[in-house]
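Q: Starting from these lines, generate the structure:
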Amino acid sequence: MSHIADHLLDVHRRIADAAHAANRSPDAVRLLAVSKTFPAEDVRAAFEAGQRAFGENYVQESIAKIEALADLRAKLEWHFIGPLQSNKTRPVAEHFDWVHSVDRLKIAQRLSEQRPDTLPPLNVCLQVNVSGEASKSGVSLEDAPALASEIAALPKLRLRGLMSIPEPVEGLEAQRTPHRTLRQLYEALSAQGLSLDTLSMGMSADLEAAVLEGATIVRIGTAIFGKRDYSH
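A: Below you'll find the predicted structure:
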């Protein structure tokens, strides 16, 4: 399993290089290892290589994985980053530490109502559709400020910041544009008085562009775990 440890080192090197290019501390960028479709053993291998935060997209698969790694629960941070339907919010509210993909008030309200009192507030990010693609999840740029304020007011949730999954494009400058849009929205919301600290943006292909534009969490799967097999 040492290839996972090697890949983690490579990704940390990429983050550090991009952070230095942006005159930022590498410590300002957290690595979220996206373990969706990969088995619990791969998460354990990454944990043994020092990784602590893991991202999942599918509710049933992720709950099974969290339970399979119950012995590590106190040491792991689980982030739900996939589209969330309202009938699937309860297990996410009960098992996860973060949800990055909140894009409707109804989802946020259900997560708030279903978050157990025994757990700390659920950290959430508002997912914003920065590319304006009809097929993409996320609130529009225009509707984001009002929704952010409504979510920030809910009990048992803590609005940490914004998340986006831009349309894939080639070239560093083209990749930076949607990330810049998200950062500018983040700055505008912060100026309005929302207490935010998180920009969840950037994946294996556009990590550098995201870090240059201020990402505080990058969501990396393929570069750590390898190519995904969706056949099952």
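
Q: where in this protein is pLDDT low?
A: 1, 231-232 (pLDDT under 70).

Q: repeat that for 50
A: For the chain, residues meeting the criterion pLDDT under 50 lie at 1.

Q: just checking, residue 180 is part of a helix?
A: Yes: the assignment for residue 180 (DSSP: H, G, I helix; E, B strand; the rest coil) places it in a helix.

Q: Which residue is the nearest non-sequential neighbour of it?
A: residue 213 (5.0 Å; Cβ to Cβ, 6 or more residues apart in numbering). C-beta: built from backbone N, CA, C; applies to glycine.

Q: And for that neighbour, the neighbour number?
A: Number of residues near residue 213 (other Cβ atoms under 10 Å) recorded here: 22.

Q: Now do the strands in the chain.
A: With DSSP state E as the criterion, the chain has strands at 30-34, 53-56, 77-80, 98-102, 122-127, 157-163, 198-200, 217-220.

Q: what about the ones you listed, which gets the closest to residue 21?
A: If you check each of the strands of the chain against residue 21 by Cβ to Cβ, strand 217-220 wins as the nearest, at 14.4 Å.

Q: and the residue nearest to residue 180, what is it in contact with?
A: Residues near residue 213 by Cβ atoms under 8 Å, 6 or more residues apart in numbering: 176, 179, 180, 182, 183, 201.

Q: show me where the protein has helices.
A: 2-21, 40-48, 59-68, 89-95, 105-114, 144-152, 172-191, 207-212, 222-225 (DSSP state H).

Q: Could I get the ones you listed in JSON lines, plus columns for mean neighbour count and distance to residue 132?
A: Below are the helices of the chain laid out as JSON lines (neighbours: other Cβ atoms under 10 Å; distance: least, Cβ to Cβ, whole Å):
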{"stretch": "helix 2-21", "mean neighbour count": "16", "distance to residue 132": "26"}
{"stretch": "helix 40-48", "mean neighbour count": "18", "distance to residue 132": "34"}
{"stretch": "helix 59-68", "mean neighbour count": "17", "distance to residue 132": "27"}
{"stretch": "helix 89-95", "mean neighbour count": "19", "distance to residue 132": "26"}
{"stretch": "helix 105-114", "mean neighbour count": "18", "distance to residue 132": "21"}
{"stretch": "helix 144-152", "mean neighbour count": "18", "distance to residue 132": "12"}
{"stretch": "helix 172-191", "mean neighbour count": "17", "distance to residue 132": "10"}
{"stretch": "helix 207-212", "mean neighbour count": "24", "distance to residue 132": "18"}
{"stretch": "helix 222-225", "mean neighbour count": "20", "distance to residue 132": "25"}
